[in-house]
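Participant: Need a 3D model of the sequence below.
(4 chains)
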Amino acid sequence: MGVVRIVELPRIEGHLDVEIEILGEDIRVRAMAREGIRIYDMILRGREYSEVPDIVSRMCGVCSVIHRVTSVMAIESALGITPSDDILALRELATIGGHVQSHLIHLFYFILPDVLGIDSFIRLIDKNPGLIKKVMRIKGLANSIIEALSGRAVHPITTVNAETSFLPSRDKVYRILDELKATKNITLDISKIFLEAEFPDIPKEENFVSLASRDSINLLTGKISTTSGVMEPQAFLERINAIVEEYSTAPHFLFDGKAYMVGSLSRLNNNYPLLNGSARDLAKEFNLTFPSNSIFMNNKAQALEIVYFLERAEEILGRLLEKDELKLQSEKKHGNNFGLAATEAPRGLLIHTYQLENGKIISANIITPTAQNLKNIEKNASEYVRALLNNNFDLGEIRKQIEFLVRSYDPCISCAARFRKSNNLGKKLYK
Amino acid sequence: MIKKALRRIYKDKLRLLMGRLSEEYNIFSPKLVEGRIIFDRIDDVSEIINEYHTRPVLPVKKLFLPQRETLFEYEIVDNDVIISDKLDLVAREKRCIFGVRACDIASLQILRRFFSRGPGDPYVIGRLSNSMIIGIMCNSVFPSCFCHFTDSGPLPKDGFDLFLVDVDDYFIAIIGSERGNQIASKNEDIFLDANKDDALAIDNKVKEIVSLMKSPPVVDQMVLYDAFVRSFNLDFWEDYAKKCLSCGKCNFNCPTCYCFDIFDEVDLDLRKGRRVRVWDSCHFLSFTRVASGEIFRRNRSSRLKQRVYHKFVYSVNDIGLISCVGCGRCFEVCPASIDLRDIITKVLCG
Amino acid sequence: MHKLKVGIYSLSSCEGCIVQILNLEERLLEVLNHVDLVECRVLGLKHDDEVDVAFVEGFVSSDEEATKIKEIRGRSRILIALGDCAYSGMRFVAKDFGTSTIRADPINMYVNVDYHLRGCPIDSEEFLSLISDLIHGKKFKESSKTVCSECILLENKCLLDKGFLCLGPITRGGCNAICIANNKGCFGCRGLGDDVNISAFIESLKSKGISIPSYLLGLLKGPGYGSSQNS
Amino acid sequence: MVSMKNPYIPTKAIITHIRNETPDTKTFRIRILDQNEFSFTPGQFIQLSVFGFGEAPFSIAGSTNEKELEITVRRIGTVTGALFRKNVGDIVGVRGPFGKGWPIGLMLRRNILIIAGGLGLAPLRSLVHYIILNREEFGKVYLLYGARTPADLLYKDEFNTWSRYIDLHLTVDKGDNYWKGRVGLVTILLDDVSVDTEDTIALQCGPPIMMHFVSKKLKSLGFPDENIYLSLERLMKCGMGFCGRCTVSGRYVCIEGPVFCYADIKSFIEAIPEAGVEHA
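Facilitator: Take a look at the predicted model:
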């Protein structure tokens, strides 16, 4: 039947072409990252470690908070620093701000048009200005959380740590807390749009990878949960490998030689019992069950997470406000100059590793969620194409559905892009 | 020895006095804001700091010539423009500025003289005449202080209503104006009679402060003027120009730099707008750029000299006063550490 | 009045500048009352026709992108480079002045740029004043201040005096010294100001005992990028 | 208490006539509302507001005996750009007049040599009109005017009238097929006239580079410093000596100028290259 090429898939972060090749029974989908080289791993070599957070936060305009926090945690681990619980709580707050704004952009600016059958969110300015304003208010709230803790919503300026001990003023914290309380119903309202939406159901056996959690859904620390068990990040790192696909400027990853999925859905699949509060009630109200094997459920998982995260933010803020003084002093032991941090970015598992020498970076490795998802996207999309063909969908419709499916992973090519096609940089950068 | 009338105010009565004044005046004072001491409006007299050992980065000038000020607003209606003057607001506000140091008081006198020329600047002059000034003498000297050289401190000559000199557990209040006098007589429970030694105490305090100050040897101001005029084309200016970063900080925290820019701001629908003035700096290349693109002070040294000569020559020609008050703020913040006292010494040595 | 047709485009970048525009929230809605946003991949808008104003973020890293930027220039009346990537090839952020072998070309290497909005990311207030100028047919003027002078207007404590590296004295203002206000030295993401004195800055760092980062020496030779439309 | 009139507030005015002068230059006639007359000295300037776009200084180009004022504007910046989009009947704002004009008192019964370049003719046009109106008060009057091309010459349709009263000489930097006159910088016109350097007041206004050479030439011809006047261009924001942007050597061009005597300029400690005065 031929080849369909989706050029610069609209409504995702970064430039991705998707090629669907149908040759009889043989169906192949290629996720072709088109972003130019943005080799942060290379740029970082030879830098003072203190420069790293400023530079890596520039990897992505949507998830700059988590890149900054992750780099700081990885460098701290290289230096033998263990951040205090209060510092971790403040970082979690900033991260939550980042996740909520990222999820809102994904769900409303990127996915909602698929749900409503329109081309762009901005068509709603005239049709449903009330909804737009609600979304903007919650997004503004999420950004104000980042701003309070890190100075700026995009490319945050500081990271809470012992050195800069940047703390938001109590005024700001109370204002955020008031707004969190005042907007509870709005958050529920806008999340329901996705919880009640009907998405295609394509159950597939998947390997869902995320941080394992104990008390709450972990974003910053912990072991890694896979279908092959829970393991230390270092062990996980040894079992994944990067594949250089000549058609993509981003690497593709396999775990134990197989595609796997990271992201909201993985987080909820692996940690569903920890989902509490209104998010839990909503899941029940809409009969959502986790683990779920349908990638389209990733959108619903994000909607639940928005509710969960904002309640979690309220809880953390309340807890911190009760304290007379926060403990910002971190513990310091002798570090061994190698640091690794595995965190949960909005789009899933993110790993930064740094090797230092005399305070300078000699090598860096940043493994982004989207790069980890690319092989899974290809595999899943190929099977979806087959299912659609079996149901006699035409190419136009197939193309639309594949766009929707790819978008549901919430890919971020800006982060993932690492090397130019047809060179072997990847082999040097990844083991 | 001081000739003005003196009173005593015990320190624990100061807030009582300010509390009473706050019924009639909006009170401004150095205030602690996020770890910095800045001049600002205070809502509660407990915010007043009467002993501050640092000083506000921006001088009291900012309360009279704000960094950014709306001169008027306008609205375009059909083919007409309705202008609303913002001067009324300035005229209505009665203010009491507490905690002004001698150098800043001297700067207000310079601004008053300057902005009274020609038609007068009604915003600055309006604020100056609506504001009561309660000064306070320095208890210590900053490394950059040289107000003795510029004859603007540590005791101000005029331009204040009350000036407090800190002596142990009380202040000696110098009455500087009829308004100050009225305040003292209305609050007799706070303003006690001064002791005959109090004038001497002030004298001693002044001597002590002056002795601590790293000031160039005092010269007659006309001698200084002539020396500057003679030095305009000397080579050493280029050495300073090599060091100067043209960052403009010294303009913004100078108590007497007043240059400003004016522009219009307008809403997106072009209906409502406002004319705004903001501080500007003669160190910026853009300062002398005219519409045709010509820049009249392209050399860094010509810009650096513009600022210095304004203080010691042009200002004398214009208002009969040098417009440096010896606060040293300009080199306190100078990233290149260009010390005005060095320049003065160089100029005086010819 | 004719509404301006606006397109927002991205080359290789983090798309943070677009996010910064989206972050205007309700003020963006007000802007959209006055302009027609006709093209923006991130928002799913396709136009492929002439626009009055093209905002472009990102740098050129491939021949395809070079073709793309020329194509955009060809159908836009006013072209604006958004952020450090577009105006310098991210050199001010990466602090990489001339040693890189990675292709990261500023867009003005390929096309004429009418205005730059500097910073990484752009400052949303500055974006608003630019868009307001465009709507009203005014020329947009970049800030002539240095970050250092904007900083003192906020009465921040000087980080250089505290012994921290801060590029405020040589960096073009317009950001309201946002980093220093957050207790962080200026990162220099807005590029150099008018007629800055880099060698004097290096001397001043030395005298304060602040170690000189090697990229400053690179800057002495002149970055050759991001030259402003004001000069 | 403060009850002074606010000198920052412009008076509303209405555009009554717009005339195209050259491709990028127009003359606007403006009537100040609620004001029966507008009196000024040739050489003075006004601050013109286009609301929403700001305020800019313009020399007054019209006649002293008219109730309306005229300015000639080249489109180069924000305010001029906005003014060019205005039509007859539109409202603008005016403050002024500001500054000191040409030294008319000194010029009486003397010979006058006027040298203008490009747009610099605008503040001299009101002087030319004044001289023509009061012709018998002045001795010989020469006007030497240069522009880039014939198309850039301002007030062309007035030249015939002017020529009846004063000695008009023109030059252009670059001629065209129809141009029969002089080609070259305005200084060459000084070779065409023989003026009595002792008893002639020279007045000039034009681009800095022109005035630079004209001053030098006048000096070499033997003009005494006291008899040379020039109008300096600086950025004047307030017009009242407050904003500080227009100062030269500490002198406020907006109040003490824009017209200065060369002798004065020579005594400035700051160099004024456009007057040909370079110290050190």
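
Participant: Is it correct that residue B:148 falls within a strand?
Facilitator: No: counting by DSSP: H, G, I helix; E, B strand; the rest coil, residue B:148 is not found in a strand; it is helix.

Participant: That one contacts residue B:219, correct?
Facilitator: No: using CB atoms under 8 Å, residue B:148 is not in contact with residue B:219, being 11.8 Å away. To be clear about C-beta, it is placed using only N, CA and C from the backbone, and glycine gets the same treatment.

Participant: more crowded one of those two?
Facilitator: Set residue B:148 next to residue B:219 and count neighbours by other CB atoms under 10 Å in any protein chain shown: residue B:148 wins out with 21 against 14.

Participant: Can you tell me how far that one is from residue B:158?
Facilitator: As judged by CB to CB, to the nearest Å, residue B:148 and residue B:158 stand 17 Å apart.

Participant: cool, and residue B:50?
Facilitator: Distance, residue B:50 to residue B:158, by CB to CB: 22 Å.

Participant: Who has more neighbours out of those two?
Facilitator: Each of residue B:50 and residue B:158 has its neighbours counted (other CB under 10 Å); residue B:50 has more, 16 against 10.

Participant: can I assume the more buried one is in contact with residue B:134?
Facilitator: No: if you go by CB under 8 Å, residue B:50 and residue B:134 don't touch, sitting 10.2 Å apart.

Participant: what touches both of those two?
Facilitator: Residues touching both residue B:50 and residue B:134 by CB atoms under 8 Å, 6 or more residues apart in numbering or on different chains: B:99, B:164.

Participant: any idea where the strands of the stretch 101-250 of chain D begin and end?
Facilitator: D:111-117, D:141-147, D:167-172, D:182-183, D:200-205, D:228-231, D:247-248 (DSSP state E, counting those that start in this stretch).

Participant: Ok, chain B next?
Facilitator: Applying DSSP state E to chain B gives strands spanning B:6-10, B:26-33, B:36-41, B:68-77, B:80-85, B:95-100, B:131-136, B:162-167, B:170-175, B:192-193, B:260-266, B:272-279.

Participant: Could you point out which of the ones you listed sits nearest chain C?
Facilitator: Of all the strands of chain B, it is strand B:36-41 that lies closest to chain C, at 4.9 Å by CB to the nearest CB.

Participant: Pull the contacting residues for residue 232.
Facilitator: Let's take chain A. With CB under 8 Å, 6+ apart, residue A:232 has these contacts: A:223, A:224.

Participant: You answered for a different chain; I wanted chain D.
Facilitator: By CB under 8 Å, 6+ apart, residue D:232 lies in contact with D:248, D:253, D:257, D:258, D:260, D:272, D:274, D:275.

Participant: Would you mind measuring from it to residue C:155?
Facilitator: Relative to residue C:155, residue D:232 is positioned 37 Å away (CB to CB).

Participant: Same check on residue D:265?
Facilitator: Taking CB to CB, one finds residue D:265 at 41 Å from residue C:155.

Participant: more crowded one of the two?
Facilitator: Shown here are residue D:265 and residue C:155; by other CB under 10 Å, residue D:265 has more neighbours (25 against 19).

Participant: any idea what the more buried one is structurally, helix, strand or coil?
Facilitator: helix.

Participant: Go ahead and confirm it touches residue D:273.
Facilitator: No: when contacts are counted by CB under 8 Å, residue D:265 is not listed as touching residue D:273 (10.7 Å).

Participant: nearest residue to the residue of chain C found nearest chain D other than its sequence neighbours?
Facilitator: Among all residues of chain C, residue C:138 sits closest to chain D, at 4.9 Å; criterion: CB to the nearest CB. Once flanking residues are discounted, residue C:138 sits nearest to residue D:78: 4.9 Å by CB to CB, 6 or more residues apart in numbering or on different chains.

Participant: Next up, the contacts around the one you found.
Facilitator: Going by CB under 8 Å, 6+ apart, residue D:78 touches C:138, C:139, D:53, D:54.

Participant: out of the strands of the stretch 101-250 of chain D, which comes closest to chain B?
Facilitator: Minimum separation from chain B across those (CB to the nearest CB) falls at strand D:247-248, 7.0 Å.

Participant: chain center to the closest one: distance?
Facilitator: How far strand D:247-248 lies from its chain's middle: 18 Å, per CA atoms, centre = their mean, to the nearest Å.
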